[in-house]
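Participant: Next comes the sequence, and after it the predicted model I'd like to discuss.
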Amino acid sequence: MSIHFITSIVLSMCSPLSMVYSTPVFLWQATVNEKPVFPQITKDEFVTEIKPLVDSKMVVAFTYPKLLIKDFQCESCFPYLSQQTPSFTYAYVETPAMVLRSFNKSQELSVDAEGKLVTPIKCETDKLYIISLKLLSASSNPMKSCDDAIKAITTNLACPDAAYMLMGTIDVSKKIEPPGQLCQSKNLTVYISQLELHDSDGVQIYKIKDMLVQEEKNKTLTVALPTNDENATLTFTLHLKNNYLEIKYFQFKNKNFRVVDLYAPQTNSYSCGKIVLTKDGLKLVFKKFQIQYGKPQEGTHFHFYDAWTCEGFATPAIISGVFVTIIFVGILSFGINMLFNVHTPSKFDSAEGPYITINASG
């Protein structure tokens, strides 16, 4: 019989994290407070940071639809913006364009297909301009076209007391999933987009609130994730063996939901778009589950390790496709081979039969 020695208990707070509502914001010629990458910057936090700029300077905000943080990783796409100092990037801001419009002093402008302002502007303190770069999305290199347009506009303005920013725009009218929860302790990070329990009464959605981690000497972590329902806590044991992390079952509502193939190297994070577990007529569903073991990076440098995903190569769809392709290629090859073996008869079964007479007129 093995004895488990609990060495420490760590309580971690969970933060809401909604990348669907969020977009990056790049600021230059502006002084703002640095914020960590996770969790996202809420609308109220963004108001707190931007309001001093709006009240004291002329602010010019360029917007581009569906702008992502990975777009800024291409330095050749933004040669002008990459040289701006001082500058800072907020990776995930909740609907920043809507925040600017809430000041009720913004003026909406746009550029044409060549990146020129349709309505010229002048340097005036206490002005807020929101300039749409949407028409540049039709160019062959949209990011480079945006950079060229921003360079031309800001250079022509040459305002000594102005702050500039580039941000994305999001259509929040579309149905999207609710914010996920990112929970961190000193050596464990867990992200769950949505936790659902399906039973005979319907679907119940739970929100993760905290994370309690017990570290044991037999290289296991016992993790408890309390939800908004005090009678419903998600618990699991994380096994750490041979440089791999593995979870064998989840416990929820006094039911053990067994899971298979939930493992990954400790140098990677484990990620799965959807996990469905069943037990006694109940169905436990995780939407976007990701976990990693190791001390999280501090500040703005936090990110998950490279993901070890649950989607394997030999999925039912791929196996079916390969099977159908093999059958089709086999039939096609047989048909082509039969066509190549068609020949004119060289003899007849009976030598005493009638001769073939071919009438030809020349």
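Facilitator: Looks like it came in fine. Numbers count the residues shown, from 1 in each chain.
Participant: all contacts plus neighbour counts: C-alpha atoms, from now on.
Facilitator: Will do.
Participant: Next one: the closest residue to K186 other than its chain neighbours relative to S185, how far apart?
Facilitator: Ranked by Cα to Cα, 6 or more residues apart in numbering and with sequence neighbours excluded, the top spatial neighbour of K186 is K295, at 5.6 Å. From K295 across to S185, the span is 8 Å (Cα to Cα, to the nearest Å).
Participant: ok, now which ones touch the residue nearest to K186?
Facilitator: Contact partners of K295, counting by Cα atoms under 8 Å, 6 or more residues apart in numbering, are 186-188.
Participant: now T169
Facilitator: Going by Cα under 8 Å, 6+ apart, T169 touches 23, 63-67, 95-97.
Participant: Report pLDDT for the closest residue to G180 other than its chain neighbours.
Facilitator: Of all residues not flanking G180 in the chain, S193 sits nearest, at 3.7 Å (Cα to Cα, 6+ apart). In this prediction, S193 carries a pLDDT score of 85.
Participant: Show me the helices in the stretch 201-350 of the chain, by range?
Facilitator: In the stretch 201-350 of the chain, the segments counted as helices under DSSP state H, counting those that start in this stretch are 316-340.
Participant: in it, which ranges drop under the pLDDT threshold?
Facilitator: Judged against pLDDT under 70, the low-scoring parts of the stretch 201-350 of the chain cover residues 297-302, 312-315, 345-350.
Participant: quick revisit: point out the ones among the contacts of T169 that are inside strands.
Facilitator: Using DSSP state E, the members of those that fall in strands are 23, 63-65.
Participant: Save these as JSON lines, and put in pLDDT too.
Facilitator: Below are these laid out as JSON lines (pLDDT from 0 to 100):
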{"residue": "T23", "pLDDT": "87"}
{"residue": "T63", "pLDDT": "95"}
{"residue": "Y64", "pLDDT": "94"}
{"residue": "P65", "pLDDT": "89"}
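Participant: can you list those residues in TSV and add distance to T227 and neighbour count?
Facilitator: Compiled in TSV, the ones in strands among the contacts of T169 are given as follows (distance: Cα to Cα, whole Å; neighbours: other Cα atoms under 10 Å):
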residue	distance to T227	neighbour count
T23	28	25
T63	38	22
Y64	37	21
P65	35	16
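Participant: With respect to K217, which of those residues is nearest?
Facilitator: Using Cα to Cα, T23 is the member of these that sits closest to K217, with 42.2 Å.
Participant: dump the residue contacts of the closest one.
Facilitator: With contacts defined as Cα under 8 Å, 6+ apart, the neighbours of T23 are 66-69, 91-96, 167-170.
Participant: Got a quick PyMOL command for the buried subset of these?
Facilitator: To isolate the buried members of those in PyMOL, using 16 or more other Cα atoms under 10 Å:
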select buried, resi 67+68+69+91+92+93+94+95+96+167+168+169+170
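Participant: Just send the contacts of T23 back as TSV, with distance to V260 and pLDDT too.
Facilitator: Putting the contacts of T23 into TSV (distance: Cα to Cα, whole Å; pLDDT from 0 to 100) gives the following:
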residue	distance to V260	pLDDT
K66	37	78
L67	37	87
L68	34	84
I69	34	81
A91	35	84
Y92	34	84
V93	36	89
E94	36	85
T95	39	86
P96	41	91
M167	42	94
G168	40	90
T169	40	86
I170	38	74
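Participant: for the contacts of T23, which one is nearest A138?
Facilitator: Distances from A138 to the contacts of T23, taken by Cα to Cα, are shortest for K66, at 13.5 Å.
Participant: State the distance from the closest one to K219.
Facilitator: Taken as Cα to Cα, the span from K66 to K219 is 43 Å.
Participant: same check, this time on Y80
Facilitator: Distance of Y80 to K219, given as Cα to Cα: 50 Å.
Participant: now the strands: where do they sit in the stretch 251-362 of the chain?
Facilitator: Under the criterion DSSP state E, counting those that start in this stretch, the stretch 251-362 of the chain carries strands at the ranges 255-258, 263-265, 269-279, 282-293, 307-309.
Participant: make that the stretch 1-150 of the chain, sorry
Facilitator: Listed in chain order, the strands of the stretch 1-150 of the chain (DSSP E, counting those that start in this stretch) span 6-17, 22-28, 58-65, 87-94, 106-110, 128-132.
Participant: Of these, which is nearest I247?
Facilitator: Closest approach to I247 among the strands of the stretch 1-150 of the chain (Cα to Cα): strand 6-17, 18.8 Å.
Participant: Show me what the mean pLDDT comes to for that closest one.
Facilitator: Averaging pLDDT along strand 6-17 gives 56.
Participant: For stretch 230-237, buried residues please.
Facilitator: For stretch 230-237, the buried set under the neighbour-count rule, 16+ other Cα under 10 Å, comprises 232-237.
Participant: Tell me which residues are up against that stretch.
Facilitator: 220-227, 247-253.
Participant: Same check on stretch 281-290?
Facilitator: Contacts to stretch 281-290, defined as Cα under 8 Å, 6+ apart, come from residues 190-199, 257, 269-278.
Participant: centre of the chain versus that stretch, how much separation?
Facilitator: With Cα atoms, centre = their mean, to the nearest Å as the basis, stretch 281-290 stands 18 Å off its chain's centre.
Participant: Could you write out the alpha-carbon coordinates of it in PDB?
Facilitator: Once side chains and other backbone atoms are set aside, the C-alpha atoms of stretch 281-290 remain, and they are given as PDB (Å, rounded to 0.1, in the frame of the first residue of the first chain):
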ATOM      1  CA  GLY A 281     -26.700   8.600 -18.900                       C
ATOM      2  CA  LEU A 282     -24.800  11.900 -18.100                       C
ATOM      3  CA  LYS A 283     -22.600  13.600 -20.600                       C
ATOM      4  CA  LEU A 284     -19.800  15.900 -19.500                       C
ATOM      5  CA  VAL A 285     -18.600  18.300 -22.200                       C
ATOM      6  CA  PHE A 286     -15.500  20.500 -22.200                       C
ATOM      7  CA  LYS A 287     -15.300  23.100 -25.000                       C
ATOM      8  CA  LYS A 288     -11.700  24.100 -25.700                       C
ATOM      9  CA  PHE A 289      -9.700  22.400 -22.900                       C
ATOM     10  CA  GLN A 290      -6.000  23.200 -22.500                       C
END
